[in-house]
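Participant: sequence and predicted structure below; questions after.
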Amino acid sequence: MPVPKVKHVRASVVRGGGGDYHDQADGHWIDDHVASPMARYPEYRASRRAFGIDVLGTLVVEVEADDGTTGFAITTAGEPGAFIVEKHLARFIEGRPITEIERAWDQMYFATQFYGRRGLVVNAISAVDLALWDLLGKWRGEPVHALLGGPVRDELVFYATGARPDLAKQMGFIGGKLPLQHGPAEGEEGLRRNLAKLAEMRSRVGEDFWLMWDCWMSLDLDYATRLAWGAREHRLKWLEECLSPDDYWGQAALRKALPPGMLLTAGEHEATRWGFRLLLEMGCCDIIQPDVNWCGGLTELLRISALADAHGAMMVPHGSGPYSYHVVCTRQNSPFTEIILTAPQADRVQPAFHPLLLDEPVPENGRLKVSALDRPGFGVRLNPDCALHRPYPR
Ligand SMILES: [Mg+2]
């Protein structure tokens with residue numbers, strides 16, 4: 001069978017949720033005094049949007065083959081990401097057979113290495129890579145998970161991230177992950193408030209429901225250690241992303257300092273096999289949390305996942321959504337998965353990338369049948385009601 005070639009790569013931007021889930025309106029739990037590394041400055045403490053957490057917005061990459069088949073994917077990269085895709089990455093995709101995904105990844109990564117390696121550039125590479133997988137699946141008429149060798153389980157089991165683990169329990173999830181609200185700059189009073197919130201949630205959810213804390217890079221080693229030991233009596237399951245992602249040494253030290261049985265997780269702002277190699281070889285965490293839309297895409301996540309497996313670590317992707325579900329269901333070291341409750345009050349389940357994608361499967365009673373993913377590619381469509389803008393047309 002002749003293999004189509006990629007005819008066009010298009011990069012567009014869109015605002016309001018979607019791939020950039022921090023891009024939300026006022027009054028959303030995700031921006032309600034959540035601890036961050038910028039909270040050391042009082043003017044940036046109450047709102048992460050104040051320091052620009054939502055500055056990028058969503059990037060949508062579409063790849064169209066010469067037979068008319070089109071794949072697409074999304075990430076957090078906005079207009080600068082669109083520039084990188086149109087002005088630099090497209091040359092490695094256009095005119096090439098749609099099956100050349102490994103070659104495309106290698107060329108995109110090494111052509112941008114002099115200014116890339118992680119962050120915005122790798123976010124853009126991730127979106128192109130995922131769009132190519134979506135295109136391949138659509139052309140072959142198969143879901144992406146089938147292209148990866150097929151599922152190892154019949155359903156996905158979810159924990160929920162949001163401000164209301166008590167409601168997450170009522171919705172059928174296996175656990176709830178709270179955003180930490182107060183960082184070291186808020187002193188002992190902030191530490192007491194953090195622990196009081198955890199105690200309150202534990203009292204609402206009972207003994208066996210998982211409770212975790214997402215610390216979003218906001219702590220130092222001393223504070224994180226005291227927080228962990230304070231949380232011990234409230235049976236915290238894991239502490240997430242406590243320190244700067246650059247501080248591999250601090251993370252390794254923190255893992256050794258935790259109370260027995262408490263897990264340390266990290267990696268949502270890490271990228272590529274080389275970044276995760278450092279996390280794993282230095283013993284920085286028990287669970288790695290690569291974001292498939294940021295870490296280098298699906299092609300790179302498969303390498304990262306294998307590396308984690310060889311180190312005896314679980315790979316539970318950050319944020320999640322359909323791009324993750326197709327991977328998680330094929331990995332035995334991904335026994336459960338995350339969904340961020342993007343509803344403003346975290347009081348209901350809505351699609352992770354709401355409102356940008358149509359047909360996005362969502363868990364019911366905390367579970368999702370893998371058969372719900374049985375549509376070509378990643379099985380989702382762009383919502384025509386979301387106005388895309390292409391800033392660098394060619
Ligand atoms: Mg996190």
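Facilitator: Great, that's in hand.

Participant: helices along the stretch 201-350 of the chain, start to end?
Facilitator: For the stretch 201-350 of the chain, the helices defined by DSSP state H, counting those that start in this stretch cover 221-231, 248-257, 272-281, 297-310, 322-328.

Participant: minimum distance to residue 94: which of these has it?
Facilitator: Smallest distance to residue 94 across those (Cβ to Cβ): 17.7 Å, for helix 297-310. The way it works is simple: take the backbone N, C-alpha and C, and place the C-beta from them, glycine included.

Participant: where's residue 12, which helix or strand?
Facilitator: strand 6-14 (DSSP states H and E).

Participant: what of residue 83?
Facilitator: helix 78-87.

Participant: for that helix, what is the average pLDDT?
Facilitator: Here helix 78-87 scores 98 as its mean pLDDT.

Participant: in it, what's buried?
Facilitator: 78, 80-86 (16 or more other Cβ atoms under 10 Å).

Participant: pick the most buried one from the helices of the stretch 201-350 of the chain.
Facilitator: Ranked by mean neighbour count, these are led by helix 322-328 with a mean of 27 (mean count of other Cβ atoms under 10 Å).

Participant: measure how far it is from the centre of its chain, please.
Facilitator: Taking Cα atoms, centre = their mean, to the nearest Å, the mean C-alpha location of helix 322-328 is offset from the chain mean by 11 Å.

Participant: what is that helix packed up against?
Facilitator: Here helix 322-328 touches helix 144-147, helix 297-310, strand 337-340, going by 3 or more Cβ pairs under 8 Å, 6 or more residues apart in numbering; DSSP states H and E.

Participant: one step back: now do the strand holding residue 12 against helix 78-87, angle only.
Facilitator: 170 degrees (axes from the mean of the first three to the mean of the last three Cα atoms, to 10 degrees).

Participant: out of everything not next to it in sequence, what's closest to the residue of the stretch 251-394 of the chain found nearest the ion?
Facilitator: Using Cβ to the ion, the closest approach of the stretch 251-394 of the chain to the ion is made by residue 268 at 4.9 Å. Nearest non-adjacent residue to residue 268, counting by Cβ to Cβ, 6 or more residues apart in numbering: residue 318, 3.6 Å away.

Participant: what sits against that neighbour?
Facilitator: Residue 318 sits next to 267-268, 289-291, 294, 338 when contact means Cβ atoms under 8 Å, 6 or more residues apart in numbering.

Participant: those residues in strands, which ones?
Facilitator: residue 338 (DSSP state E).

Participant: include pLDDT and neighbour count when you put the contacts of residue 318 into TSV, please.
Facilitator: Shown next, in TSV, are these (pLDDT from 0 to 100; neighbours: other Cβ atoms under 10 Å):
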residue	pLDDT	neighbour count
267	98	29
268	97	21
289	98	24
290	98	29
291	98	25
294	98	27
338	97	25
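
Participant: and residue 58, bridged to which residues?
Facilitator: Per DSSP bridges, the residues bridged to residue 58 are residue 14, residue 76.

Participant: and the gap between it and residue 126?
Facilitator: Distance, residue 58 to residue 126, by Cβ to Cβ, to the nearest Å: 13 Å.

Participant: was I right to think residue 201 contacts residue 169?
Facilitator: No - using Cβ atoms under 8 Å, residue 201 makes no contact with residue 169, being 9.5 Å away.

Participant: returning to that earlier point: could you dump the helices of the stretch 201-350 of the chain to a markdown table with mean pLDDT and distance to the ion?
Facilitator: Formatted as a markdown table, these follow (pLDDT from 0 to 100; distance: least, Cβ to the ion, whole Å):
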| stretch | mean pLDDT | distance to the ion |
| --- | --- | --- |
| helix 221-231 | 98 | 14 |
| helix 248-257 | 98 | 14 |
| helix 272-281 | 98 | 14 |
| helix 297-310 | 98 | 16 |
| helix 322-328 | 97 | 14 |
